[in-house]
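**Student:** Sequence first, predicted coordinates after that:
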Amino acid sequence: MHGTIESAAKLDALRERAMSLPLEQFDPGDPELFRTDTFWPYFDRLRREDPVHYCKDSMFGPYWSVTRYNDIMEIETNHSVFSSASALGGITIRDIDPDLRRESFIAMDPPRHAAQRKTVAPMFTPTHLDNLAINIRKRSAECLDNLPRGEVFDWVDRVSIELTTQMLAVLFDFPWEDRRKLTRWSDVATTIPGPDGLVATEDERQAELAECAAYFSRLWKERIEQPPKSDLLSMMAHGAATRDMDAKNFLGNLILLIVGGNDTTRNTMSGSLLALSQHPEQYRKLRENPDLLDSFVPEVIRWQTPLAHMRRTALSDFEFRGKQIKKGDKVVMWYVSGNRDEEVIDKPYEFIIDRARPRTHLSFGFGIHRCVGLRLAELQLKIIWEEILKRFDHIDVVGEPRRVYSSFVKGLEELPVKIAA
């Protein structure tokens, strides 16, 4: 009880700060706000008072924040003005040195975007997903059956990372014994270098990503010489729009597929258990009626919002909601804010596993850049929870989660849990 009172007081103090700070001093993209899970009141105020907000100065330079659901959808679908092209800075708030920018189909504008995306789309057709489901269920069952009972362990490492990394290895037909390399490359690709970070410098990060490129180049050569198969690498090696990619585009698409297939599902898998532990009445409801998984899964994806934002760059001067956006300005669409927009989502701060319209969320993006693997992500979550509910009456979260230092990837690094003996 004392902990609850303490956290309520902390939240009140944070709200007070967010209410008293002048709007021109707001920097909602500060990764520390996400590491401490204290960004919510800032976005609440921006949606109310300044939904298209300009931050003049931040560790990422100046940027616009778009915070309301419908405004985000409008920016997301206006490709003639708002570009995701890597040459202009790509899809994240953090700018990358122009020499290190790599194209991927999410960091491309029409019409080139569609051709590369179509190459990997067959992986996510209903027939293919039915085949993958058998594999996902088998591996989920093995993973859960090997979990310790009566002792504390890290859910993120033992379940979320392990299962999503196994799935990635299957999707790429990647050497099984090296699969944790995929996890490492995903984390390195999205981390902010620093003395306490995964990598200390940008040079270190680039060295590891070069290893990723070299490893996949060897696999690529093998696939080109083999008949086409149904893994992502073979699809790209034999696809008309992707077989002649330059080295930067090759690595760009690899990183996109690795991060997309790993980080997002991993963080929602971790977030799902945390959400249920914070809402025991919903956990009870799910145990009593596992059929609610169909609405539970999209509600968790909304609740967690595994990627907090996507960024665009203005191709021309543009007036939006009374604000003058200039050519070259960075425009950040905060999915994490849109997913708590009271004007679109009923009771957005409540976790409700039997919502009437649970798919009203922005976590997968919207329009042509909507996540290509969204059905697979939902399938993985549904199957893991079907298997959890068969085996365990309850999984207890026994400590505070450790969150990722990032305002792009909204994830958990550690979640201590215990299953009764």
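**Tutor:** Structure received. Residues are numbered from 1 along each chain as shown.
**Student:** helices or strands up against the longest helix anywhere in the chain?
**Tutor:** What stands out as the longest helix in the chain, according to DSSP state H, is helix 247-278. If contacts are counted by 3 or more CB pairs under 8 Å, 6 or more residues apart in numbering; DSSP states H and E, helix 247-278 sits against helix 162-172, helix 180-190, helix 202-225, helix 280-288, helix 293-304, helix 374-391, strand 395-397, strand 412-414. For glycine as for every other residue, the C-beta is placed from the backbone atoms N, C-alpha and C.
**Student:** at 6 Å what do you get?
**Tutor:** Using 3 or more CB pairs under 6 Å, 6 or more residues apart in numbering; DSSP states H and E as the contact definition, the elements that helix 247-278 packs against are helix 162-172, helix 180-190, helix 293-304.
**Student:** can I get those helices in CSV with mean neighbour count?
**Tutor:** Compiled in CSV, these are given as follows (neighbours: other CB atoms under 10 Å):
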stretch, mean neighbour count
helix 162-172, 22
helix 180-190, 21
helix 293-304, 23
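**Student:** Which of those helices sits closest to Glu16?
**Tutor:** Comparison of those against Glu16 by CB to CB identifies helix 293-304 as nearest, at 25.0 Å.
**Student:** residue boundaries of the helices in the stretch 301-421 of the chain?
**Tutor:** Secondary structure of the stretch 301-421 of the chain (DSSP state H, counting those that start in this stretch): helices located at 335-338, 374-391.
**Student:** got CSV for those, with distance to Pro28 too?
**Tutor:** Written out in CSV, the entries for the helices of the stretch 301-421 of the chain read as follows (distance: least, CB to CB, whole Å):
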stretch, distance to Pro28
helix 335-338, 8
helix 374-391, 25
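**Student:** With respect to Asn135, which of the ones you listed lies nearest?
**Tutor:** Distances from Asn135 to each of the helices of the stretch 301-421 of the chain were compared using CB to CB; the shortest belongs to helix 374-391, at 9.9 Å.
**Student:** average pLDDT across that closest one?
**Tutor:** Taken as a whole, helix 374-391 carries a mean pLDDT of 94.
**Student:** Buried residues in that helix, which are they?
**Tutor:** By neighbour count, with 16 or more other CB atoms under 10 Å as the criterion, the buried positions of helix 374-391 are 374-385, 387-388.
**Student:** And those, which is closest to Thr201?
**Tutor:** Here the nearest of the buried residues of helix 374-391 to Thr201, counting by CB to CB, is Ala377; it sits at 32.3 Å.
**Student:** if I look at that closest one, how far off is Met167?
**Tutor:** Plainly put, Ala377 is 10 Å away from Met167 if you go by CB to CB, to the nearest Å.
**Student:** Show me the shaky parts of this structure.
**Tutor:** Residues of the chain meeting the criterion pLDDT under 70: 1-7, 97-116.
**Student:** Just tell me which of the helices and strands packed on helix 247-278 ends up closest to Asp246.
**Tutor:** Closest approach to Asp246 among the helices and strands packed on helix 247-278 (CB to CB): helix 180-190, 18.4 Å.
**Student:** Name the surrounding residues that touch that closest one.
**Tutor:** 161, 165, 168, 198-199, 205, 208, 212, 255, 258-259, 262-263, 409 (CB atoms under 6 Å, 6 or more residues apart in numbering).
**Student:** out of those, which is most surrounded?
**Tutor:** Ile258 (27 neighbours; other CB atoms under 10 Å).
**Student:** What separation is there between the closest residue to Lys118 other than its chain neighbours and Pro122?
**Tutor:** Spatial nearest neighbour of Lys118, excluding adjacent residues (CB to CB, 6 or more residues apart in numbering): Ala241 at 7.0 Å. Per CB to CB, Ala241 is found 13 Å from Pro122.
**Student:** Ok, Phe26 next?
**Tutor:** Following CB to CB, the distance that separates Phe26 from Pro122 is 44 Å.
**Student:** who's more crowded, the two?
**Tutor:** Neighbours were counted for Phe26 and for Pro122 using other CB under 10 Å; Phe26 has more, 21 against 13.
**Student:** Got phi/psi on the more buried one?
**Tutor:** Its backbone dihedrals place Phe26 at phi -70, psi 130, with angles given as degrees, to the nearest 10.
**Student:** Who are the contact partners of it?
**Tutor:** Contacts for Phe26 were tallied using CB under 6 Å, 6+ apart; there are none.
**Student:** try Leu292
**Tutor:** Leu292 is in contact with 286, 353-354, counting by CB under 6 Å, 6+ apart.
**Student:** Try it again at 8 Å.
**Tutor:** Counting by CB atoms under 8 Å, 6 or more residues apart in numbering, Leu292 touches 285-286, 353-354.
**Student:** Drop anything exposed from those.
**Tutor:** By the neighbour-count criterion of 16+ other CB under 10 Å, the contacts of Leu292 include these buried positions: 285-286, 353.
**Student:** which one of the residues you listed sits closest to Ile345?
**Tutor:** Ile353 (14.5 Å).
**Student:** Done for today, thanks.
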